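Asker: only geometry, no sequence info:
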């Protein structure tokens, strides 16, 4: 009976894996883009808009800080943790470092996504403040969002008992199969994205405007569809992870994780860039807009949010 062929030796994890350089470069580019967009958002608030800073701005700032932390931890994971090699090439200490850093990366990813979504919800409160149903829906979803972050974080940390067995896998412990858990969390994240994406559409399509104008306004709010696509691709990438060789097979999932996270920040900011603000005001030129105390009251004649 012949044995299975051994894997080719791909290098020692004391060095950064060649294919992981592309991940770091991609993460740096996307994080830079997200940073530029967030800075532009704050400049817009300061000099180009009558709207004051509010919770939507601070939420996106937290999301960006978490994205930067993701990049920094990713660099450390590949330089110190040696991520990107087959698991049998690691020493016990290297695996301990890798799994500690991987847990930290996953936690800050969830924080960034959650605060990006919260920023969108607070933006809806600004724009559709006069609509009671919108306010109610946004606050209900915020509660669900908080529950999502807590359940994801506690699940990542405490589903292994004792907790330190997540990085010291050789000690006696009990745990769940983490991959299905990651997929469930990913699907829950996608569902929240879709709900937040649909919310403003139900109002936009009831505006007393031409079809062309309504399509233009709807397109502004549909920018988040790019995040949904990235989220779907990420979920499929999670399915390619081999639990017995996580250090090597997580490559594709990491790429789509960083893309989804940074796109979430970028898309949350684009509707309030100068050009999109101008478009938004033009399309509502027949409506009555009152800006008071940093909030927009939009009188559209729409009776509800359904």
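Answerer: Sure, I can see it. Everything quoted here is computed from the prediction, not taken from an experiment. Numbering: from 1, shown residues only.

Asker: how about the strands in this protein?
Answerer: 288-292, 295-299 (DSSP state E).

Asker: compare the mean pLDDT across the ones you listed and name the weakest.
Answerer: For the strands of the chain, the weakest mean pLDDT is recorded on strand 288-292, namely a mean of 42.

Asker: what's near enough to touch residue 177?
Answerer: residue 243 (CB atoms under 8 Å, 6 or more residues apart in numbering). C-betas here are computed from N, CA, C, even on glycine.

Asker: quick one, phi/psi of it?
Answerer: phi -70, psi 110 (degrees, to the nearest 10).

Asker: poorly predicted segments of the stretch 201-306 of the chain, please.
Answerer: Confidence mapping of the stretch 201-306 of the chain against pLDDT under 70 gives the ranges 207-209, 274-306.

Asker: let's see that with 50 instead.
Answerer: 276, 279-280, 282-306 (pLDDT under 50).

Asker: how about the helices in it?
Answerer: Counting by DSSP state H, counting those that start in this stretch, the segments of the stretch 201-306 of the chain that form helices are 201-204, 211-221, 225-238, 246-249, 251-269, 274-283.

Asker: for the third one, list every residue counted as buried.
Answerer: Within helix 225-238, the residues scored as buried using 16 or more other CB atoms under 10 Å are 226-228, 230-235, 237-238.

Asker: angle of it against helix 251-269?
Answerer: 160 degrees (axes from the mean of the first three to the mean of the last three CA atoms, to 10 degrees).

Asker: burial count for residue 136?
Answerer: Using other CB atoms under 10 Å, residue 136 has 11 other residues around it.

Asker: for residue 154, same thing?
Answerer: Residues lying near residue 154 (other CB under 10 Å) number 10.

Asker: residue 221 too?
Answerer: Residues near residue 221, counting by other CB under 10 Å, number 24.

Asker: does it touch residue 202 like I think?
Answerer: No - judged on CB atoms under 8 Å, residue 221 makes no contact with residue 202 at a distance of 10.5 Å.

Asker: out of the helices of the stretch 201-306 of the chain, indicate the one that is most buried.
Answerer: Per-stretch averages of neighbours, counted by mean count of other CB atoms under 10 Å, single out helix 251-269 among the helices of the stretch 201-306 of the chain, with a mean of 24.

Asker: so that one versus helix 211-221, what angle?
Answerer: Using the same axes, to 10 degrees: helix 251-269 against helix 211-221 is 130 degrees.

Asker: which strands or helices does helix 251-269 pack on?
Answerer: Packing partners of helix 251-269 (3 or more CB pairs under 8 Å, 6 or more residues apart in numbering; DSSP states H and E): helix 18-43, helix 55-79, helix 92-127, helix 225-238.

Asker: that one vs helix 55-79, what angle?
Answerer: Using the same axes, to 10 degrees: helix 251-269 against helix 55-79 is 160 degrees.

Asker: from the chain's centre, how far out does helix 251-269 sit?
Answerer: Remark: helix 251-269 is offset 6 Å from the chain centroid, using CA atoms, centre = their mean, to the nearest Å.

Asker: what of stretch 217-228?
Answerer: 15 Å.

Asker: can you tell me the distance between the two ends of that stretch?
Answerer: Counting by CA to CA, to the nearest Å, you get 19 Å between the two ends of stretch 217-228.

Asker: buried ones in stretch 172-186?
Answerer: So stretch 172-186, judged by 16+ other CB under 10 Å, has buried residues 178, 182-183, 185-186.

Asker: average pLDDT for that stretch, rounded please.
Answerer: pLDDT averaged over stretch 172-186 gives 85.

Asker: just the terminal-to-terminal distance for it.
Answerer: Using CA to CA, the two ends of stretch 172-186 sit 29 Å apart.

Asker: and the nearest residue to residue 192 once chain neighbours are set aside, how many neighbours?
Answerer: Counting by CB to CB, 6 or more residues apart in numbering, residue 117 is the residue found nearest to residue 192 once chain neighbours are left out, at 6.1 Å. Neighbours of residue 117 under the rule other CB under 10 Å: 27.

Asker: ok, residue 117 - contacts?
Answerer: Here residue 117 is in contact with 145, 192-193, 196, 264, 268 (criterion: CB under 8 Å, 6+ apart).

Asker: now swap in residue 35 and tell me
Answerer: 64, 68.
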